[in-house]
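Novice: sequence and predicted structure, then a few things I'm wondering about:
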Amino acid sequence: MSEFNYVIGVTGLNATDNPGPGISVIRALRAHPDFKGKIVGLAYDPLDPGLYPTDLIDSAYLMPFPSQGIDTLRQRLKYIKKVSNISLLIPTLDSEISAFINLESELREMGIRLFLPTKEQYDMRSKIRLAEVCEKADLDFPRTKIISDAEVLYQLSGEISLPYVLKGIFYGASVVQNMEEALAAFYKTTAQWGLPVIIQEFLEGEEYDIVAVGDGSGHIVGALPMKKTFLTDKGKGWAGVIVKDPRLLEITEKFCRTTKWRGPCEVEVLKTRDERYYLIEINPRFPAWTYLCAGAGQNLPFAVAQLAMGMDPNPLPEYKVGTMFVRISLEQIVRIETLEEIISKGEIHYR
Amino acid sequence: METNTLERLKDLAISESGFLFDPYSGATFTLNNTGKFILQLLMDGKVIGEIESALKKKFEVGDEDLRNDIYEFVNLLKENHFLPNGFTP
């Protein structure tokens, strides 16, 4: 085994009750015995909890919000490269993946590697085009209609009957029982996320999530299926367990083979009581529960780091079914000078 | 017993104390000694008569309602999707 000495930048340090995946990814990287490099945390808010665990990050920087545009992001990364010499970057938030995909070739020239889906792959998994991918991959997908006009809601009954799910183009989903609820959800969702909205057949069943990494040529580097066993009131998993279900891996393989997926993803699958499996969503990044994969025997973040650096990832062992995660919330004690440094300088160096 | 039913049952992890983990659904259960004993017999592919005799021998019980108790337990396993609805031991 060779030592991995690179400096890795990781985003998504908002480890709140709706956690970003950054800390989970960092813990997985640190858990790998070959990892001898450094971790640079990249955060959007001075109070992002992931800025403060000094045992996990060596340095950290505040980043411009994606809404500030790609030029600002480019400048900031150039500065971070100069000061901390990051060699690769693992973005973990939905809102930033697209900007990083657009910057990938420039960052490579700068000496910062990424291992992300291509623009085409990223667009293919969008809520609007996922039905098309599922058809190509021979996967079941809930009946879906994309609409941009509230009037269309009155004409849906022939295609999708109430109750159904009304989803925002980027985020949010409401189950609506009648036309009044449908109209209210339509206007609320479009005010928040814009047009179009997605109308999807409502299916009852159990949700399973799979974290996977595709190598970009249609193969899977590793994949682990998980069932959430405890949810917060926001519906986020607070505990979960690795399960054994070959069908979940088969679905993940079909998706990665069809799209030639490159990089990490989270596949969301709904299994109905009559044992039908529907692919419901693809998140183009690591999930917040990623550390579970390292705990179960397949360190996918480390594999992504190796792939980004052009190395062949070590063959991953079988994962251990029954491995669980249970989250904990705890208070980190922080000196006021640390916060001052982060706010005034926009960066902090612990080592 | 169908092969896939047997395989499904054999994948269940049961500890000494009767803690049961279903690797397919991720669900966990706690079984008492009798439940654990019956499940083990089902996993070994035993039929109703064999289960009944084994229970009588182990727990020194009479005939009263034993078969109904076994069926009740099997129904519980069906409700929790460990066994298919059409299954009869």
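Specialist: Arrived safely, thanks for sending.
Novice: which residues of the chain score low on pLDDT?
Specialist: Using chain A here. Scanning chain A for pLDDT under 70 picks out the ranges A:1.
Novice: try again with chain B
Specialist: Chain B contains residues with pLDDT under 70 at B:1-5.
Novice: longest helix of it?
Specialist: helix B:66-79 (DSSP state H).
Novice: now do the buried residues in it.
Specialist: Across helix B:66-79, burial judged by 16 or more other CB atoms under 10 Å in any protein chain shown covers B:66, B:70, B:73, B:74, B:77. C-beta coordinates here come from the backbone N, C-alpha and C atoms, glycine included.
Novice: and which of these is nearest residue A:186?
Specialist: residue B:77 (44.3 Å; CB to CB).
Novice: identify the residue spatially nearest to that closest one, adjacent ones excluded.
Specialist: Excluding the flanking residues, the one nearest residue B:77 by CB to CB, 6 or more residues apart in numbering or on different chains is residue B:83, at 4.6 Å.
Novice: so who does the residue most central in space within chain B touch?
Specialist: Centroid check for chain B by CA atoms, centre = their mean gives residue B:39 as the closest residue, at 2.6 Å. By CB atoms under 8 Å, 6 or more residues apart in numbering or on different chains, the contact list for residue B:39 reads B:9, B:12, B:14, B:20, B:31, B:77.
Novice: tabulate these in CSV, adding columns for secondary structure.
Specialist: Listed next are the contacts of residue B:39 as CSV, based on DSSP: H, G, I helix; E, B strand; the rest coil:
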residue, secondary structure
B:9, helix
B:12, coil
B:14, strand
B:20, strand
B:31, coil
B:77, helix
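Novice: got the residues of the stretch 101-250 of chain A near chain B?
Specialist: A:206, A:226, A:227, A:229, A:240, A:241, A:242, A:243, A:244, A:245 (CB under 8 Å from any CB of the partner chain).
Novice: check which helix or strand the closest residue to residue A:32 other than its chain neighbours maps to.
Specialist: In this structure, residue A:32 finds its nearest non-sequential neighbour in residue A:302, 4.2 Å apart by CB to CB, 6+ apart. Under the criterion of DSSP states H and E, residue A:302 resides in helix A:300-308.
Novice: sorry, back to before: how many other residues sit next to the residue nearest to residue B:77?
Specialist: In terms of burial, residue B:83 registers 21 neighbours under the definition other CB atoms under 10 Å in any protein chain shown.
Novice: pick out the residue in chain B sitting closest to chain A.
Specialist: Nearest residue of chain B to chain A (CB to the nearest CB) works out as residue B:26 at 3.4 Å.
Novice: any idea how many residues pack against residue A:195?
Specialist: Residues contacting residue A:195 under the criterion other CB under 10 Å number 13.
Novice: thought residue A:152 was touching it, still the case?
Specialist: No - contact criterion CB atoms under 8 Å: residue A:195 and residue A:152 do not qualify, at 11.5 Å.
Novice: what residues does chain B have near chain A?
Specialist: Residues of chain B lying near chain A by CB under 8 Å from any CB: B:11, B:13, B:21, B:23, B:24, B:25, B:26, B:27.
Novice: which of these are buried?
Specialist: Restricting those to buried positions leaves B:21, B:23, B:24, B:25, B:26, B:27, with burial counted as 16+ other CB under 10 Å.
Novice: out of these, name the ones that lie in strands.
Specialist: Among these, the members falling in strands (DSSP state E) are residue B:21.
Novice: before we move on, back to that, so what angle separates the directions of the helix or strand harbouring the residue nearest to the centre of chain B and helix B:66-79?
Specialist: Using DSSP H and E, residue B:39 falls within helix B:33-43. In terms of direction (axes from the mean of the first three to the mean of the last three CA atoms, to 10 degrees), helix B:33-43 departs from helix B:66-79 by 70 degrees.
Novice: just the buried residues of the helix or strand just after helix B:33-43, please?
Specialist: Downstream of helix B:33-43, the next assigned helix or strand under DSSP H and E is helix B:48-59. Buried residues in helix B:48-59, counted by 16+ other CB under 10 Å: B:51, B:52, B:54, B:55.
Novice: who in the stretch 251-351 of chain A is up against chain B?
Specialist: Listed as neighbours of chain B in the stretch 251-351 of chain A under the rule CB under 8 Å from any CB: A:321, A:322.
Novice: what ranges do the strands span in the stretch 251-351 of chain A?
Specialist: Secondary structure of the stretch 251-351 of chain A (DSSP state E, counting those that start in this stretch): strands at A:262-272, A:277-283, A:324-326, A:347-349.
Novice: which SS class is the closest residue to the residue of chain B closest to chain A other than its chain neighbours?
Specialist: Of all residues not flanking residue B:26 in the chain, residue A:227 sits nearest, at 3.4 Å (CB to CB, 6+ apart). Here residue A:227 is strand, with the state taken from three-state DSSP.
Novice: count of neighbours near residue 6?
Specialist: With no chain named, the answer covers chain A. Using other CB under 10 Å, residue A:6 has 18 other residues around it.
Novice: wrong chain, I was asking about chain B
Specialist: The tally of other residues near residue B:6 (other CB under 10 Å) stands at 14.
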